[in-house]
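In: need coordinates for the below:
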Amino acid sequence: MSLNKSPFFELRSGSVDTLLFVVKTTDLDALKRELTRRFEATPEFFAGDVVAIDLRRLGEGERVPLDDIARLLDAVRMRALGVIAAPHQLDWAGQAGLPLVEARDKRAGSATKAESAEPKRIDDAVAAPVEPIAAAPTLVIDKPLRSGQQIYAKGDLIVLGLVSYGAEVIAEGNIHIYAPLRGRALAGVHGNHAARIFCTCLEPELISIAGIYRTTENALPADVLGKSVQIRLADEKLIIEPLRLT
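Out: So this is what the prediction gives:
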């Protein structure tokens, strides 16, 4: 048998999609309180998810104990698989026992200070080759979704029936629901901050865009509860607005 082949296992290159847990503070007590507050309302929602701890939003010279961060995540049933760090953070980030991983996110502002300080000429940008990317098809669901059902769309998602309590609709793009939304709707799940949620009757358990979410723990204003709305992000905050259909 060839030493390069085995019937029992394979080592292959690949990529894994995961959530980024972006650390913005060195105050662990505040971080713990916020984690507890945001996840205790929906204890099963992120249960078992794996995350990469992203340190790039910390200020120059700021450090956090990564072992403690991993324990905080573990307490809300999330698992840290690695650490994403800027070049100036590598000396201490690599000593925590978690592997250093490389991010593929293209979100504006995620570049390191060294990268952002380097000027780029307009003609350099124009000369760069551009590869066309085929848009993911829109998924249309024309029946009601019962509790426990989950729909995932690689592009936009259109739902023509009721999304019941306990049901979940997830899309990498926009979500359109032409019926009551009583379960959970998560748009832009791979970090698409431009994604939106459109709904003709908003009564949700949870709404989320690009990982920024709101639960029924905070009552919705009367002008949007049960109404036609659009939901979008502005400065990392969910904006819920009445949708004018006429």
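In: start to end distance for stretch 162-181?
Out: 6 Å (Cα to Cα, to the nearest Å).
In: numbering from 8 from now on, please.
Out: With 8 as the first residue, the last one maps to stretch 169-188.
In: in stretch 91-108, what's buried?
Out: 91-93, 96, 100, 103, 105, 108 (16 or more other Cβ atoms under 10 Å). Bear in mind the C-beta positions are built from the backbone N, C-alpha and C, glycine included.
In: how long is it end to end?
Out: With Cα to Cα as the measure, stretch 91-108 spans 5 Å from end to end.
In: before we move on, what about stretch 19-33?
Out: From its first residue to its last, stretch 19-33 covers 37 Å (Cα to Cα).
In: and Ile60, what element?
Out: Using DSSP states H and E, Ile60 falls within strand 57-61.
In: counting by contacts, list what that strand packs against.
Out: strand 26-29, helix 73-82, strand 86-91 (3 or more Cβ pairs under 8 Å, 6 or more residues apart in numbering; DSSP states H and E).
In: wait, which of these is closest to Ala241?
Out: Shortest separation from Ala241 across those is recorded for strand 26-29, at 17.9 Å, computed as Cβ to Cβ.
In: what mean pLDDT would you report for the closest one?
Out: In this model, strand 26-29 carries a mean pLDDT of 84.
In: and if you look at stretch 233-253?
Out: Stretch 233-253 comes out with an average pLDDT of 89.
In: may I see the buried residues of it?
Out: Applying 16+ other Cβ under 10 Å to stretch 233-253 flags 234, 236-240, 245, 247 as buried.
In: hmm, back to that, pick out the lowest-pLDDT one from the buried residues of stretch 91-108.
Out: Lowest pLDDT among the buried residues of stretch 91-108: Ala103, 78.
In: report how many residues lie close to the closest residue to Leu27 other than its chain neighbours.
Out: Nearest residue to Leu27, sequence neighbours excluded (Cβ to Cβ, 6 or more residues apart in numbering): Asp61, at 4.5 Å. Counted with other Cβ atoms under 10 Å, residues neighbouring Asp61 total 22.
In: how about the one 3 residues further on?
Out: The criterion is other Cβ under 10 Å. On that basis, Arg64 has 13 neighbouring residues.
In: hang on, it packs against Val30?
Out: Yes: with contact defined as Cβ atoms under 8 Å, Arg64 counts as touching Val30 (6.6 Å).
In: format the buried residues of stretch 233-253 as CSV; extra columns: distance to Val147 and secondary structure.
Out: Formatted as CSV, these follow (distance: Cβ to Cβ, whole Å; DSSP: H, G, I helix; E, B strand; the rest coil):
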residue, distance to Val147, secondary structure
Lys234, 23, coil
Val236, 21, strand
Gln237, 19, strand
Ile238, 20, strand
Arg239, 22, strand
Leu240, 24, strand
Leu245, 25, strand
Ile247, 24, strand
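In: nearest to Val196 among those?
Out: Relative to Val196, the closest of these is Leu240; by Cβ to Cβ it sits at 13.0 Å.
In: okay, that closest one and Ile246: tell me how far apart.
Out: Leu240 is 7 Å from Ile246, where distance means Cβ to Cβ, to the nearest Å.
In: mind naming the longest helix for the chain?
Out: Ranked by residue count under DSSP state H, the longest helix found in the chain is helix 35-46.
In: next, the angle helix 73-82 makes with it.
Out: 20 degrees (axes from the mean of the first three to the mean of the last three Cα atoms, to 10 degrees).
In: got the buried residues for helix 35-46?
Out: Under the neighbour-count criterion of 16+ other Cβ under 10 Å, helix 35-46 has 38-39, 42, 45-46 buried.
In: give the other helices and strands that that helix contacts.
Out: helix 73-82.
In: so the nearest residue to Ala143 once chain neighbours are set aside: helix, strand or coil?
Out: Nearest non-adjacent residue to Ala143, counting by Cβ to Cβ, 6+ apart: Gly162, 3.1 Å away. Recorded secondary structure, Gly162: coil (DSSP: H, G, I helix; E, B strand; the rest coil).
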